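Participant: Generate coordinates for the sequence data below:
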Amino acid sequence: MAATPQNPASAPRRKVSRHRGEGQWAMGHFTPLNGNEQFKKDDDGLNVRTRIETIYSKRGFDSIDPNDLRGRMRWWGLYTQRKPGIDGGKTAILEPEELDDKYFMLRVRIDGGRLTTQQLRVIGEISQEFARGSADVTDRQNIQLHWIRIEDVPEIWQRLEAVGLSTTEACGDTPRVVIGSPVAGIAEDEIIDGSWAIDEINKRYIGSKEFSNLPRKFKSAISGSPLLDVVHEINDIAFVGVEHPEHGPGFDLWVGGGLSTNPKIGVRLGAWVPLAEVPDVWAGVIGIFRDYGYRRLRTRARLKFLVADWGAEKFRQILEDEYLERKLVDGPAPAEPLSRWRDHVGAHRQQDGNFYVGFAPRVGRVDGATLAKIADLAEAHGSGRVRTTVEQKMIVLDVTEDQVESLVEALEALDLTARPSTFRRGTMACTGIEYCKLAIVETKQRGSTLIDELERRLPEFDEPLTININGCPNACARIQVADIGLKGQLVLNDAGEQVEGFQVHLGGALGLEAGFGRKVRGLKVTSEELPDYVERVLRRFQAEREDGERFAAWASRASEEALS
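Facilitator: Modelled structure (predicted):
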């Protein structure tokens, strides 16, 4: 017998509310669903510059509105740094205002990693005059300064902008720096030079309110190098140089990569994009993110989640139908890179017959005086151009053959080696607890000490190997895709005391075998034990590896006992 329909008049009243979904603008959901979305709606982040220049720099730190301090000021490359003396156990316990120091990290945006020696010297001078000499080369080609006072920011901007540099949208829910091959237009083996596209994206869109309110940050990469030198797999959008059998050199389009606590490898859309169309396609993809991106939860407000939910086919269709209003050309995947090292370290011949020389600072840490000396050395050896890389390295371009050895020796005298050990070359570290409010452990000094210890203990080890050290779970140092990835956390030592340490990830990789490292249950090491642990694992690798086997492949098949 059929059920009797319920009488609507007798049914209990149910509150009817409009479904808020994921806060997607394209679905008509414009009401802010969290505090970050509210302050962005209240005032565009780009507008804070006027207040910095006219109010905050004159009245001091205590005059800054909280929504500007911990929100909109990021649109101009400014983060408050961590107050000294706060240990990692308090990172997740204290309120933001308790962690804030009255100084800032300032991120200088360096698209494509391209600098003139004049620009590098100005950064070095700013570092020495306003930042207590601090300077770090990041794994996104930027340079970060610390100890910046709000009173000095307008003067710093003036000096940077006078030489063509900027901090515009270096942080915040914006299109961050566009990373590019540091040897674009230079390397002999280049497939295509993407420099024009990087410049055009900057000219059209950076600092424009068209894309200054995104669900979260948007990371871009453009490279025509066959070395795949911009970690394209973990960017929101990446254009990777390929040779189309009919149309010639262009770019393979990738979307939806990213790491942090929910890592995802980007996906190919199967589309070939000519150089002239890169800025339009870039704008189409970031437009999708702006309009369809999830704004309800910050933890899901990255493009990778939308791409995962839609899939490549639907994403490409929306891009073509709603944003480009034309079809994209199908194209090939990139070829496998010929080298595992993608950092351009060493001396390499350029297209014009000169050489570029790549060198390795210790885990990206330099200082203002050293930056000025690098500029001086480059000029003394006939160069006016330097580059930063996504591996926290630097490059001097345009060196004549007879000047290469002299430059290499001069760099060595500054502890900036162009002939680094595997450990010096392959180890990088995030900012860590020294300055970062999210960090739990120290990283930079730990990485430097680890390099020294491994060079002493394993002097003959020469296999390509990456060791990435991160101060928290957010993966700024790309721990999941390193051979040995170290995620900072508090651990128990043998005495049962809580101390700084790391959860270990093993066997991650980028390239055409891209994948995330293996986590062995319970595998954690204290900071003090770290050199012993890494030495032990590498000796087991050497003893057990098959001919030509990479560390990542060995780690994926090794027993848990061998990895512990």
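Participant: Please make it C-alpha for all contacts and neighbour counts, starting now.
Facilitator: Fine.
Participant: any weak-confidence spans in the stretch 1-150 of the chain?
Facilitator: 1-20 (pLDDT under 70).
Participant: Strands along that one, start to end?
Facilitator: Here the stretch 1-150 of the chain has its strands, by DSSP state E, counting those that start in this stretch, at 78-82, 100-108, 114-116, 134-137, 143-148.
Participant: P337 - nearest residue in space that isn't next to it in sequence?
Facilitator: L227 (4.9 Å; CA to CA, 6 or more residues apart in numbering).
Participant: one step back: closest one to L46 among the strands of the stretch 1-150 of the chain?
Facilitator: Proximity to L46 (CA to CA) singles out strand 78-82 among these, at 12.1 Å.
Participant: Okay, now the sheet partners of the closest one, with direction.
Facilitator: Here strand 78-82 has these sheet partners by DSSP bridges: strand 100-108 (antiparallel).
Participant: May I have the strand it pairs with as PDB, with CA atoms only?
Facilitator: C-alpha atoms of strand 100-108 as PDB (Å, rounded to 0.1, in the frame of the first residue of the first chain):
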ATOM      1  CA  ASP A 100      53.800  39.000  16.500                       C
ATOM      2  CA  ASP A 101      57.000  40.900  16.800                       C
ATOM      3  CA  LYS A 102      57.000  44.600  15.900                       C
ATOM      4  CA  TYR A 103      59.100  43.800  12.900                       C
ATOM      5  CA  PHE A 104      58.300  42.500   9.500                       C
ATOM      6  CA  MET A 105      59.600  40.100   6.900                       C
ATOM      7  CA  LEU A 106      59.600  41.900   3.500                       C
ATOM      8  CA  ARG A 107      59.500  39.700   0.400                       C
ATOM      9  CA  VAL A 108      61.100  41.200  -2.700                       C
END
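Participant: between it and strand 143-148, how many degrees?
Facilitator: 150 degrees (axes from the mean of the first three to the mean of the last three CA atoms, to 10 degrees).
Participant: just how off-centre is strand 100-108 within its chain?
Facilitator: For strand 100-108, the gap between its own C-alpha mean and the chain's C-alpha mean amounts to 18 Å (CA atoms, centre = their mean, to the nearest Å).
Participant: ok, how many other residues are close to the residue nearest to P332 when sequence neighbours are not counted?
Facilitator: Distances taken as CA to CA, 6+ apart put H244 closest to P332, at 6.5 Å, once the chain neighbours are dropped. For H244, the neighbour count with other CA atoms under 10 Å is 20.
Participant: give me every residue that touches H244.
Facilitator: Listed by CA atoms under 8 Å, 6 or more residues apart in numbering, the contact partners of H244 are G250, W272, G331, P332.
Participant: Kindly report the same for D87.
Facilitator: Neighbour list for D87: I433, I440 [criterion: CA under 8 Å, 6+ apart].
Participant: just S127 next, same as before
Facilitator: With contact taken as CA under 8 Å, 6+ apart, S127 is in contact with G133, S134, A135, L145, D367, G368.
Participant: can you check E379 too?
Facilitator: With contact taken as CA under 8 Å, 6+ apart, E379 is in contact with T117.
Participant: let's see it at 10 Å
Facilitator: T117, Q118, K373, R385, V386, V396, V399 (CA atoms under 10 Å, 6 or more residues apart in numbering).
Participant: Might one say that the second one is in contact with A375?
Facilitator: Yes: judged on CA atoms under 10 Å, Q118 makes contact with A375 at a distance of 7.2 Å.
Participant: where do the strands sit along the stretch 401-550 of the chain?
Facilitator: Under DSSP E, counting those that start in this stretch, the stretch 401-550 of the chain gives strands at 427-429, 467-470, 484-492, 498-506, 518-526.
Participant: looking at these, which is closest to E455?
Facilitator: strand 427-429 (11.8 Å).
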